[in-house]
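1. got a predicted structure plus its sequence, pasted below:
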There are 2 protein chains.
Amino acid sequence: MNRDPRSPCPIATTLDIVGDRWTLVVVRDLLTGKKRFSEFLDSPEGIATNVLSDRLALIEQAGLVTKAPYQLRPKRFEYTLTTKGEDLLPTLQEMSRWANRHIRGTWTPPESFMAKKIP
Amino acid sequence: MNRDPRSPCPIATTLDIVGDRWTLVVVRDLLTGKKRFSEFLDSPEGIATNVLSDRLALIEQAGLVTKAPYQLRPKRFEYTLTTKGEDLLPTLQEMSRWANRHIRGTWTPPESFMAKKIP
């Protein structure tokens, strides 16, 4: 992730940034309103703290989120998606449709998530 | 990949199968007509032979492709997407739109790829 692009292919380039098991899970959480480290940790997938720290740093570096402190001692941050980050919504909606169609037992996301449009 | 689902979330479940840097690059090649090991190796990303073997076995196990021999000595296979595999097209189209919008220098896929619809 975040290495030099392997090719100018837009699919390969996207995967250079978000092609792993965790990054888009964190983006999902951000799209559904989570902002804080402890909130991401609470998600049912059980992301490890070191993996979460790593992915938050990578997506900040890639321009998908910005962070701002909400507490000073100890310093803690809230993360907010940029337009670039929010624009991953249609990709996540299509992944959801795919899994709902092909993988038995997957949750159907709320209509508020599936019908949401990027501006 | 292909471990037990981390949660019933359709996004996490999709990433359990295709959440890595290479799998969807191979699916892209299959969607654009490539079928053989040597054709996947020829793609500009330069996938390593061991990574390619590994991903082909994983996507066969996940039901995204079937394989059939086209040559017997030595035995060589052609890979064909199943409906489950072909249905990843909208996800790849949205990844392409995202990269074209946000990552400078990415190729715009041919209209034949972007306008293609799954049945």
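-> Cool, got the structure. Residues are numbered from 1 along each chain as shown, chains lettered A, B, ... in the order given.
2. and the residue sitting nearest the centre point of chain A, what helix or strand is that in?
-> Ranked by distance to the mean C-alpha position of chain A (CA atoms, centre = their mean), the top residue is residue A:27 at 1.4 Å. Element membership for residue A:27, per DSSP states H and E: helix A:23-31.
3. I'd like the next helix or strand past that helix.
-> helix A:37-41.
4. which outside residues touch that following helix?
-> A:26, A:29, A:34, A:47, A:49, A:52, A:56, A:76, A:77 (CB atoms under 8 Å, 6 or more residues apart in numbering or on different chains). All C-beta atoms are positioned from the backbone trio N, CA, C, and that covers glycine.
5. got the contact list for residue A:66?
-> So residue A:66 contacts A:60, A:79, A:80, A:82 (CB under 8 Å, 6+ apart).
6. right, and the last one touches residue A:67 too?
-> No. Here residue A:82 does not reach residue A:67: they are 10.9 Å apart, not a contact under CB atoms under 8 Å.
7. quickly find the element holding residue A:67.
-> Going by DSSP H and E, residue A:67 is part of strand A:65-71.
8. for residue A:2, report the pLDDT, please.
-> Looking at residue A:2, its pLDDT is 50.
9. rewinding a little: just give me the neighbour total for the residue nearest to the residue nearest to the centre of chain A when sequence neighbours are not counted.
-> Nearest residue to residue A:27, sequence neighbours excluded (CB to CB, 6 or more residues apart in numbering or on different chains): residue A:88, at 5.4 Å. For residue A:88, the count of nearby residues is 26 (other CB atoms under 10 Å in any protein chain shown).
10. how about the one 4 residues further on?
-> Each residue near residue A:92 was counted by other CB under 10 Å, and the total is 24.
11. so the following helix or strand past the strand holding residue A:67 versus strand A:65-71, what angle?
-> Per DSSP H and E, the first helix or strand lying C-terminal to strand A:65-71 is strand A:76-81. For strand A:76-81 against strand A:65-71, the angle by axes from the mean of the first three to the mean of the last three CA atoms, to 10 degrees is 150 degrees.
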